[in-house]
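Engineer: Provided below for reference: sequence and predicted model.
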Amino acid sequence: MDIAGIRKEYRLQQLRESDVQYDPLLQFKNWFDEAITSKVNEPNAMTLSTVRPSGRPSSRIVLLKGVEQNGFVFYTNYDSDKGHQLEQQPFASLCFFWPELERQVRIEGKVRKVDADVSDAYFKSRPFSSRLGAWVSTQSQIIEGRETLEKKLAEVKALYPADVPRPAHWGGYVLIPDYIEFWQGRESRLHDRIAYTLKDTVNWEIARLAP
């Protein structure tokens, strides 16, 4: 397979400074709405990158579950690798890629846990099986085999046959951005990149970056 020869020319759209909102969260919501309307596959899937104590980056795909006034919300096991990494180094980056629209969004900022009542409300909205799964999985830890999960699932089902409370080790985070970049693919690899950098608590500087 000629991996080096795999390429695509981007021609769908352009991104000008005059096209974007002053508030990058509003701009994100506009693009996110377009991704949903365009039936992009998994529009809320994003790469979450954290930092290990050694300084090495660590990345995985998680799902965006909210765009609040101050940031981007996702949920996970607090005892997972990413949970421990965020506890020690509370900064992270997110990356969305919507190939159907030839668009990418990069986000960087500080991360904190959401309030317990917010995590409770979201947990209750999850499917029953997903709530059980939050109790079953000791995320990121080594297990002997699939049978370990199935045995634990049976135990949790017996313990919570109807209502499943949120485990203390599971909940939400919000990434509060100080940098957001919108990328629109263009011909000849001369892509459009519009970056927002937070200058104080409310004001953003908008700049075009070289592709």
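Structural biologist: The structure has been received and is ready for your questions.
Engineer: in the strand or helix carrying L132, what's buried?
Structural biologist: Using DSSP states H and E, the element containing L132 is helix 128-136. Buried residues in helix 128-136, counted by 16 or more other C-beta atoms under 10 Å: 131-136. Bear in mind the C-beta positions are built from the backbone N, C-alpha and C, glycine included.
Engineer: Please save the CA atoms from that helix in CSV.
Structural biologist: C-alpha atoms of helix 128-136 as CSV (Å, rounded to 0.1, in the frame of the first residue of the first chain):
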residue,chain,number,x,y,z
PHE,A,128,-29.5,1.7,32.1
SER,A,129,-26.7,-0.5,30.7
SER,A,130,-24.3,2.5,30.6
ARG,A,131,-25.0,3.3,34.2
LEU,A,132,-24.3,-0.3,35.1
GLY,A,133,-21.1,-0.2,33.1
ALA,A,134,-19.8,2.8,35.1
TRP,A,135,-19.8,0.5,38.2
VAL,A,136,-18.3,-2.5,36.4
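Engineer: Give me the helices and strands touching that helix, please.
Structural biologist: Helices and strands touching helix 128-136, by 3 or more C-beta pairs under 8 Å, 6 or more residues apart in numbering; DSSP states H and E, are helix 146-159.
Engineer: Which other helices and strands does the helix it packs on contact?
Structural biologist: Based on contacts counted as 3+ C-beta pairs under 8 Å, 6+ apart, the elements that helix 146-159 packs against are helix 128-136.
Engineer: angle of the helix it packs on against helix 146-159?
Structural biologist: 110 degrees (axes from the mean of the first three to the mean of the last three C-alpha atoms, to 10 degrees).
Engineer: can you give me the strands for this protein?
Structural biologist: 45-51, 57-63, 66-67, 72-77, 91-98, 103-113, 170-184, 192-198, 204-209 (DSSP state E).
Engineer: Please produce TSV containing those strands, extended by distance to A154, mean neighbour count and mean pLDDT.
Structural biologist: Output for these, formatted as TSV (distance: least, C-beta to C-beta, whole Å; neighbours: other C-beta atoms under 10 Å; pLDDT from 0 to 100):
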stretch	distance to A154	mean neighbour count	mean pLDDT
strand 45-51	30	19	98
strand 57-63	27	13	98
strand 66-67	32	16	96
strand 72-77	20	21	98
strand 91-98	35	20	98
strand 103-113	31	19	98
strand 170-184	20	21	98
strand 192-198	49	19	98
strand 204-209	51	13	98
